[in-house]
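Colleague: starting from these lines, generate the structure:
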Amino acid sequence: QVLLVESGGGSVQAGGSLRVSCTVSRLTFNNYAMGWFRQAPGKEREFVAGISRSGRVTVYADSVKGRFTISRDSAKNTVYLQMNSLKPEDTAVYSCAADYREYWAIPNRGLNEYNYWGQGTQVTVSS
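Modeller: Below you'll find the model as predicted:
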């Protein structure tokens, strides 16, 4: 059974930083583009960031561009989301997902494109 396990969530004040991680097992990590999504209370799940299999192509939602950075470490089967200048509206459950894609393909933004999902980690930003 494929496992995606997120960690690193928590509570922080506005303007602070957090890094969340997602470690993947029982899956050939290098065959998958990876994405981060989030879901706030009462809202639909939305795309945050994606990274290609190569690690050289990244895409971001406009709401986080310039503040968040996605990266991946193939040696650790882990994808990261560094979140800086956090705002209260960033409060949500953050989940990672894996998408079987071509090596150079631009990461998908649609959640229905992703094959495997983690359970999520809570990020709370207070004002």
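
Colleague: surely residue 107 meets residue 37?
Modeller: No. Using Cβ atoms under 8 Å, residue 107 is not in contact with residue 37, being 11.6 Å away. (C-beta placed from N, C-alpha, C; glycine too.)

Colleague: spatially central residue in this protein, please.
Modeller: residue 36 (2.2 Å; Cα atoms, centre = their mean).

Colleague: ok, the closest residue to that residue other than its chain neighbours - contacts?
Modeller: Spatial nearest neighbour of residue 36, excluding adjacent residues (Cβ to Cβ, 6 or more residues apart in numbering): residue 48 at 4.4 Å. If you count contacts by Cβ atoms under 8 Å, 6 or more residues apart in numbering, residue 48 has them with 35-38, 60-61, 64, 68, 81, 94.

Colleague: distance of residue 48 from residue 40?
Modeller: According to Cβ to Cβ, to the nearest Å, residue 48 and residue 40 sit 11 Å apart.

Colleague: quick check, the residue nearest to the centre of the chain in a strand?
Modeller: Yes. Applying DSSP: H, G, I helix; E, B strand; the rest coil, one finds residue 36 inside a strand.

Colleague: partner residues bridging it?
Modeller: Listed beta-bridge partners, residue 36: residue 49, residue 96 (assigned using DSSP bridges).

Colleague: that one touches residue 93, doesn't it?
Modeller: No. If you go by Cβ under 8 Å, residue 36 and residue 93 don't touch, sitting 11.1 Å apart.

Colleague: mind listing the strands for this structure?
Modeller: 3-7, 10-13, 18-25, 32-39, 46-51, 58-60, 68-73, 78-83, 92-100, 116-117, 121-126 (DSSP state E).

Colleague: now the ones you listed in JSON lines, with mean pLDDT?
Modeller: Putting those into JSON lines (pLDDT from 0 to 100) gives the following:
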{"stretch": "strand 3-7", "mean pLDDT": "96"}
{"stretch": "strand 10-13", "mean pLDDT": "97"}
{"stretch": "strand 18-25", "mean pLDDT": "97"}
{"stretch": "strand 32-39", "mean pLDDT": "98"}
{"stretch": "strand 46-51", "mean pLDDT": "98"}
{"stretch": "strand 58-60", "mean pLDDT": "97"}
{"stretch": "strand 68-73", "mean pLDDT": "98"}
{"stretch": "strand 78-83", "mean pLDDT": "98"}
{"stretch": "strand 92-100", "mean pLDDT": "97"}
{"stretch": "strand 116-117", "mean pLDDT": "96"}
{"stretch": "strand 121-126", "mean pLDDT": "98"}
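
Colleague: fine, thanks again, bye for now.
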